[in-house]
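Participant: show me the folded form of this:
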Amino acid sequence: MAFGRRRQAEEPEKGPEVTDEPVEAAEDAAEEAPAKAQPAEGGPWDSEDSFPELQRLDFGSILVPVAQGLGFQVNFEATQVDEEGNPLDGRPVAVLVQYEESAMQLQAFAAPKRSGIWDDVRRETAKDIQEEAQGQTQEGDGPFGPELLAMVPQPLTEEVLAEMPEDFRQQIPAEFIEQGWAPQIIRFLGVDGPRWFLQAVVQGAAIENEEQWQVLEDVLRGVVVVRGDAPMPPRDLLELRIPKEFSEGGDEDEEEAVETFDPFERGPEITEVR
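Facilitator: The predicted model follows:
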């Protein structure tokens, strides 16, 4: 789940200026001011840090560790559509890390030098969930600092149920199917770094399964964020790209191959590290 810049009508009287101040001026004005928060001890890391050497996939603005059993998927958003609204072209906007029955979405954004943005983003995310999704939220503390736990009603239409695997569908309580929705638990984590903000959104078994969560936590701690020197408005998404392994893997051993994919024709494919 991503976030956009706050609408002008919702701007507070005080706080980070995210739309009115020119980018260059905002960068220069905060040249000597330290960031309000730093990444949790042990990572995630800034590309200028001295970080541990691990095998990582290079997604441009984020380098993500690979490990046995992990799957990786790139989420796209359409940038061009045809007359019927079908996507013609798109850009990568998020990296999805999958492990067994769990998933963690990663996105990195530009942030001011003088302060972090996770406090504001967390409040806005909670408000959106409560008002737009009719969900419930609760704040807590986790291994990376403050985080947000949300319960969002997930529609269970006939179409949705038909697309579910049979064994999964059989595990859904009859009362949920009767009422037409089931509670979906989502965990939002954020890390304020030097001029960047990294957001992780966790779903699936890792919400309660400590073993699966530990695998995803280790991935998050090993992420390296590449902010770059170009001035950017706070909250702009840092550019993602497809790792070279996704196109070169076809020449490797079939069991370890990473396939090239077209997100609009075939849907994003997952490469699993074995």
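Participant: V121 - that's part of a helix, no?
Facilitator: Yes: according to DSSP: H, G, I helix; E, B strand; the rest coil, V121 belongs to a helix.
Participant: so where's the stretch 151-274 of the chain uncertain?
Facilitator: Residue ranges of the stretch 151-274 of the chain with pLDDT under 70: 165, 167-168, 247-274.
Participant: V223 and Q212, how far apart?
Facilitator: 18 Å (Cβ to Cβ, to the nearest Å). All C-beta atoms are positioned from the backbone trio N, CA, C, and that covers glycine.
Participant: who has more neighbours, the two?
Facilitator: V223 (25 against 20; other Cβ atoms under 10 Å).
Participant: can you pull the contacts of the closest residue to the more buried one other than its chain neighbours?
Facilitator: In this structure, V223 finds its nearest non-sequential neighbour in P44, 4.2 Å apart by Cβ to Cβ, 6 or more residues apart in numbering. Residues in contact with P44 (Cβ atoms under 8 Å, 6 or more residues apart in numbering) are 191, 193, 198, 220-225.
Participant: quick check, pLDDT for the residue positioned nearest the centre of the chain.
Facilitator: Nearest to the mean C-alpha position of the chain, counting by Cα atoms, centre = their mean, stands L106 at 2.7 Å. You'll see L106 listed with a pLDDT of 97.
Participant: Three-state assignment for it, please.
Facilitator: strand.
Participant: re the thing from before, pull the most distant pair out of the contacts of P44.
Facilitator: G193 and G222 (14.2 Å; Cβ to Cβ).
Participant: neighbouring contacts of stretch 55-73?
Facilitator: 47, 54, 74, 92, 95-100, 106, 108, 198, 215, 218-219, 222-228, 238-245, 268-274.
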